[in-house]
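Peer 1: 3D model of this:
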Amino acid sequence: MREALRGLSTRGRSFLAAAVAAAISAAILGETDLLRVAVLLAVLPLLAAAYVGRSRYKLACSRSLEPHRVPVGASSRVVLRLQNLSRLPTGTLMLEDRLPYALGSRPRVVLERLGAHQASSVAYTVRADVRGRYEVGPLVVRLTDPFGLCELTRAFPSVDRLTVIPQVTPLPSVRLAGEYAGAGDSRARSVAVHGEDDAATREYRRGDDLRRVHWKSTARTGELMVRREEQPWESRATIVLDTRAYAHRGEGPTASFEWAVSAAASVAVHLRQAGYKLRLVTDTGIDVEATEVGGDGMLLDYLADVRLNQRGDVAQLVDRVRQRTDGGLVIGLLGTLTTAEAEVLAALRGNGATCVGFLVDASTWLNLPAPARAEADHAHGASALALLQAGWRVVGVDHGSRLPALWPQAARGSQGFAWRAVLAETVAGGVK
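Peer 2: Down below sits the predicted model:
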């Protein structure tokens, strides 16, 4: 009751003040009728407080998100269901759901009185242009009596989470080199890029049978190599996302990093639909595999949370990738690289892996003067050439580039190799 009295509105407090003034006037003037008016003015807000105070503990609320995972720029429908559990009808209710700034302003909905055990639903939509995980709620309900003399606020503790994933773009179907990697002892394995000897050998590991040593490959590489002739064919790919803060430019949804995250999500969904066993690695600690049905949803949830790393390092990223990568396809979404960093990435070419790098020229996200632009282009060309010389297939990315148009350049076959040769020649010419 005390809390209800503290919830008296301006109108209710005015009634009490008028009651006190009327009572004092009645005592001074000796008017009994005026005293009755004072009693009436005092009783009305007290009854209103008792009415609201009783009903505030008899409400139940539930919330549902349809859907709970949406891509950037899409909308989700939030449905609120409020039920009056008491035998007394409520007054007018004002509902306000608390939302983070990225989801827009807080929605306010007025709900007319609810009868005994009556329920009613209201809905609103939210839209986010920035990926992430957002809490929707808690719901705040303002209870009032029919005369507006008392108003109390109740916050329901429950919250729901909306996941805003990166924008996924459909990609054309192309055949990729190095897409097969072995993981067992049942079928013969073949990789179409490196030849029979390279495809059927790997580095010697402690415990390997010495009868499987491949002496021809050992003599050529200078390291002890063993055959791995019996491997199942399975499509396996590793997506490497560069999260170094100094490798990206721009702010908000149009930043170069957001392009890379969206590209990683699009490639992941595309490869999962093609039947790949997929692994996602970043230098922020994300290292997750998607092998089961629905694994692409798990990857998208991780990509919804990924952030730039102020202390990122290419060597650390390479070490993390090499911990569990054994051949297959490696697709890198890379920011600005120095020549030395590009040479460090050459280590991912081990064990017959085929590496495709989408090299983002983050400087194109800035308006640079002509001398600075020429210097940035020269540095980008040098890092692209270093990756090419390390055996990577490089796809250049500028501001405004569309991934579906770039994706065929990662394909296998004569056109892909011809493009690689032309790019190498062009970059070499630009570096001179």
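Peer 1: which helix in this protein runs the most residues?
Peer 2: Taking DSSP state H as the criterion, the chain has its longest helix at helix 32-55.
Peer 1: what packs against that one?
Peer 2: For helix 32-55, the packing partners by 3 or more C-beta pairs under 8 Å, 6 or more residues apart in numbering; DSSP states H and E come out as helix 2-6, helix 10-29, strand 139-144, strand 151-155. No exception for glycine: its C-beta is placed from N, CA and C like everyone else's.
Peer 1: so for the third one, what's the average pLDDT?
Peer 2: When the per-residue pLDDT values of strand 139-144 are averaged, the result is 82.
Peer 1: Paired strands for that strand, with orientation please.
Peer 2: strand 93-97 (antiparallel), strand 151-155 (antiparallel) (DSSP bridges).
Peer 1: starting at the chain centroid, how far to that strand?
Peer 2: 32 Å (C-alpha atoms, centre = their mean, to the nearest Å).
Peer 1: could you give the angle of that strand to helix 32-55?
Peer 2: 160 degrees (axes from the mean of the first three to the mean of the last three C-alpha atoms, to 10 degrees).
Peer 1: quick one, which of the helices and strands packed on helix 32-55 is packed in tightest?
Peer 2: strand 139-144 (a mean of 20; mean count of other C-beta atoms under 10 Å).
Peer 1: Residues contacting that strand, please?
Peer 2: 9, 52, 55-56, 59, 61, 63, 80, 82, 90-98, 150-156, 158 (C-beta atoms under 8 Å, 6 or more residues apart in numbering).
Peer 1: circling back: which of the helices and strands packed on helix 32-55 has the lowest average pLDDT?
Peer 2: Among the helices and strands packed on helix 32-55, helix 2-6 has the lowest mean pLDDT, at a mean of 62.
Peer 1: any idea how the chain splits into domains?
Peer 2: 2-55, 59-165, 191-231, 234-431 (automatic domain parsing).
Peer 1: Ok, which of these comes nearest S173?
Peer 2: Closest to S173 of the domains of the chain is domain 234-431 (C-beta to C-beta; 7.5 Å).
Peer 1: So what's the model's average confidence on that closest one?
Peer 2: Averaged over domain 234-431, pLDDT sits at 85.
Peer 1: Can you list the residue ranges for helices in the stretch 51-200 of the chain?
Peer 2: Along the stretch 51-200 of the chain, the segments classed as helices by DSSP state H, counting those that start in this stretch run 195-199.
Peer 1: now the domains of the chain as TSV including distance to S173?
Peer 2: Shown next, in TSV, are the domains of the chain (distance: least, C-beta to C-beta, whole Å):
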stretch	distance to S173
domain 2-55	61
domain 59-165	21
domain 191-231	17
domain 234-431	8
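Peer 1: re earlier: could the helices and strands packed on helix 32-55 go into CSV alongside distance to R212?
Peer 2: Shown next, in CSV, are these (distance: least, C-beta to C-beta, whole Å):
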stretch, distance to R212
helix 2-6, 79
helix 10-29, 88
strand 139-144, 65
strand 151-155, 68
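Peer 1: quick one, which of the domains of the chain is nearest to L176?
Peer 2: Each of these has some distance to L176 by C-beta to C-beta; the shortest is domain 234-431, at 5.8 Å.
Peer 1: Quick check: phi and psi at G332.
Peer 2: Dihedral angles of G332 (phi, psi; degrees, to the nearest 10) stand at phi -110, psi 130.
Peer 1: Look up which residues are beta-bridged to it.
Peer 2: Residues in beta-bridge contact with G332 (DSSP bridges): V240, G357.
Peer 1: contacting residues around it?
Peer 2: By C-beta under 8 Å, 6+ apart, the neighbours of G332 are I239, V240, D242, L345, L348, C355, V356, G357, F358, W392.
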